[in-house]
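Colleague: Curious how this folds, go ahead:
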Amino acid sequence: MRLTLKDLARELGVSTATVSNAFSRPDQLSAELRERILAEAQRLGYQGPNATARSLRRGRTGIIGLILADRLQYNFEDPVATRFLHGVSEVFDQQNVNMLLLPSRSEFYLGQSFDSLADGYIIYGPPRDGRILDKVTARRKPSVTVDFNLEGVRSLNIDNFAGAHLAAAHGIRHASGQIAVLGLRLISDATQISRVGDQPLTTAEESVSRRRLDGYQAALLEAGRELNPDWIWNAPESRYELGYQAAREALLCTPRPELLLCMSDRLALGAVAAAQDMGLVIPDDLKVIGFDDIPTAAYQRPALTTIHQPQHEKGRQAARMVLGLNNRSRDIVLDARLIVRDSC
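Modeller: Next comes the predicted model:
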């Protein structure tokens, strides 16, 4: 049987408060008494007061939950997500705060109570099941949404519209022909590559990709160009192989696109590979612009023109927001900037 604090106090002939103080408030005891209690605890195999019970009494766990919109595996293989997590963990380490990664699976939230798991939450991307947001916000704990907006909750975003506008404006200065977009999660619940066409799209409030699409379209309209929905492809995830597949489909169309605007660098890198496998020369035959500025973008040959977003800083800012280390009432929007390299 597991030895309890009461058992140890009874064995030593002291109060439970005295035993508790030996572990958590040593200044309340003489050095001799504390050493005797700790020595007896070690002999009997007592590990100390229950940490979970203590945190519940105090109302704090020292843990912040990071709710992921994607599979756990995806967040460890996607360079954008890993840089964000690195920024979050840097601040948490400095503040002696622990991080609990919470999955995107609805049954985890809907099938159990998780009130006591964390002191607050960073919600990284909109969960596919909106009921998860209802469960989290009902707890009224400090929360921050990242890459989407939720009424009554502080948000942290990149200026996706402005970044996409920069990308498109730069691209159309160098490409007079057909333009195609390789989009990302523009269609809810999509599981494979498809053209957008007349399918309903996500809103700008719930999707950074929609903000990017709006930025592309605004730049095209300003230049007197139009983007037909039939020239927009949707990928369900930011993956190299999906960019490859979508680019092949686009480049087999007539007229063949002269510019590909890609909503992530991983999609763009897949598109570059597809074009090269089809015998096209970049940027002579095709120009490609990505979004994110992941490390590989600079080392790719040709190096990828893209939009830089400070993912590491975004993680740091999200951590500071949820811990109340900066302005509590203000949403934050970080700048995005164009990085011109060889692909356009």
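
Colleague: who touches whatever helix or strand residue 40 lives in?
Modeller: According to DSSP states H and E, residue 40 maps onto helix 31-44. Residues outside helix 31-44 that contact it (C-beta atoms under 8 Å, 6 or more residues apart in numbering): 3, 7-8, 11-12, 14, 18-19, 21-23, 26, 29, 47-48. All C-beta spots, glycine's among them, are computed from the backbone N, C-alpha and C.

Colleague: Of these, keep whichever come out buried.
Modeller: Burial by neighbour count, 16 or more other C-beta atoms under 10 Å: within those this picks out 8, 12, 14, 18-19, 21-23, 29.

Colleague: Tell me which of those residues fall in helices.
Modeller: By the criterion of DSSP state H, membership of the buried ones among the contacts of helix 31-44 in helices covers 8, 12, 18-19, 21-23.

Colleague: Could you save the residues you listed as TSV and add columns showing distance to residue 292?
Modeller: Putting these into TSV (distance: C-beta to C-beta, whole Å) gives the following:
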residue	distance to residue 292
8	55
12	60
18	57
19	54
21	52
22	52
23	47
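
Colleague: got the residues you listed as JSON lines, with pLDDT columns?
Modeller: Putting those into JSON lines (pLDDT from 0 to 100) gives the following:
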{"residue": "8", "pLDDT": "84"}
{"residue": "12", "pLDDT": "86"}
{"residue": "18", "pLDDT": "87"}
{"residue": "19", "pLDDT": "84"}
{"residue": "21", "pLDDT": "82"}
{"residue": "22", "pLDDT": "83"}
{"residue": "23", "pLDDT": "78"}
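
Colleague: nearest to residue 333, of these?
Modeller: Residue 333 has its nearest neighbour among these in residue 23, at 45.9 Å by C-beta to C-beta.

Colleague: quick one: that closest one and residue 32, what's the gap?
Modeller: 16 Å (C-beta to C-beta, to the nearest Å).

Colleague: how about the strands in the stretch 1-150 of the chain?
Modeller: 63-68, 98-102, 120-124, 143-146 (DSSP state E, counting those that start in this stretch).

Colleague: Just put those strands in CSV and tack on distance to residue 294 and mean pLDDT.
Modeller: Formatted as CSV, the strands of the stretch 1-150 of the chain follow (distance: least, C-beta to C-beta, whole Å; pLDDT from 0 to 100):
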stretch, distance to residue 294, mean pLDDT
strand 63-68, 18, 91
strand 98-102, 21, 91
strand 120-124, 17, 93
strand 143-146, 17, 94
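
Colleague: Now tabulate those in JSON lines and tack on distance to residue 270 and mean neighbour count.
Modeller: Shown next, in JSON lines, are the strands of the stretch 1-150 of the chain (distance: least, C-beta to C-beta, whole Å; neighbours: other C-beta atoms under 10 Å):
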{"stretch": "strand 63-68", "distance to residue 270": "23", "mean neighbour count": "22"}
{"stretch": "strand 98-102", "distance to residue 270": "27", "mean neighbour count": "16"}
{"stretch": "strand 120-124", "distance to residue 270": "23", "mean neighbour count": "25"}
{"stretch": "strand 143-146", "distance to residue 270": "25", "mean neighbour count": "25"}
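
Colleague: okay if I get the ones you listed as a markdown table plus distance to residue 77?
Modeller: Listed next are the strands of the stretch 1-150 of the chain as a markdown table, based on distance: least, C-beta to C-beta, whole Å:
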| stretch | distance to residue 77 |
| --- | --- |
| strand 63-68 | 13 |
| strand 98-102 | 14 |
| strand 120-124 | 15 |
| strand 143-146 | 19 |
